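J.: sequence first, predicted coordinates after that:
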Amino acid sequence: MKCEKCQSELSPDARFCSACGHPVAIVAPPLPANMGFCPNCGAKCQLDERFCGECGQALPAASPQPAREKIANAIWMLIAVALLIYFGILAIGFFITIFSW
């Protein structure tokens, strides 16, 4: 790693450049895809957690699962309504045929 100001080589644990005294920018490692931060205390939290383990604050739901579940429920509801309409039409046709004799 090199100093941003003077380009001299820095040790991995340095906070300041030993040649010019410039502060070293601290680069945070990227978070895993399933990690987030608590909006209240800033602690790292799993995205599927409902409450922060540090401060107990309720965490916002960020999981895409509920959206998929809503879509799946809507599809099943449409299938059920279509089947009810189909069997209703069949029943009406059946009763019209029986009572028309």
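T.: On my side now, so go ahead.
J.: helices of the chain, start to end?
T.: Assigned by DSSP state H, the helices in the chain fall at 65-99.
J.: residue ranges with poor pLDDT in it?
T.: Low-confidence regions of the chain, defined here as pLDDT under 70, cover residues 27-34, 62-66, 101.
J.: let's go with 80 and repeat that
T.: Segments of the chain classed as low confidence (criterion: pLDDT under 80) are 1, 12, 25-35, 47, 61-68, 100-101.
J.: what comes up buried for stretch 43-59?
T.: Cys45, Leu47, Cys52, Leu59 (16 or more other CB atoms under 10 Å). C-beta coordinates here come from the backbone N, C-alpha and C atoms, glycine included.
J.: how close does the second one sit to Cys20?
T.: Going back to what we said before, that points to Leu47. Counting by CB to CB, to the nearest Å, the gap from Leu47 to Cys20 is 41 Å.
J.: ok, now the last one?
T.: The span separating Leu59 from Cys20 equals 43 Å under the rule CB to CB.
J.: do the same with the first one
T.: Using CB to CB, we find Cys45 at a distance of 39 Å from Cys20.
J.: quick one, what contacts Ser18?
T.: Applying CB atoms under 8 Å, 6 or more residues apart in numbering, one finds that Ser18 lies in contact with Ser8, Leu10, Ser11.
J.: any idea how far it is from Lys2?
T.: In this structure, Ser18 lies at 12 Å from Lys2, with CB to CB as the measure.
J.: joint contacts of these two?
T.: Residues touching both Ser18 and Lys2 (CB under 8 Å, 6+ apart) are Ser8, Leu10.
J.: could you dump the contacts of Ser18 to a markdown table with neighbour count and distance to Ala72?
T.: Shown next, in a markdown table, are those (neighbours: other CB atoms under 10 Å; distance: CB to CB, whole Å):
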| residue | neighbour count | distance to Ala72 |
| --- | --- | --- |
| Ser8 | 12 | 58 |
| Leu10 | 18 | 53 |
| Ser11 | 10 | 54 |
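J.: hmm, back to that, wait, which of the buried residues of stretch 43-59 is closest to Ala91?
T.: Looking at the buried residues of stretch 43-59 and their distance to Ala91, the nearest is Leu47, at 48.4 Å (CB to CB).
J.: hang on, the earlier thing: in CSV: the contacts of Ser18, plus distance to Ala82.
T.: CSV is the format used below for the contacts of Ser18 (distance: CB to CB, whole Å):
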residue, distance to Ala82
Ser8, 72
Leu10, 67
Ser11, 69
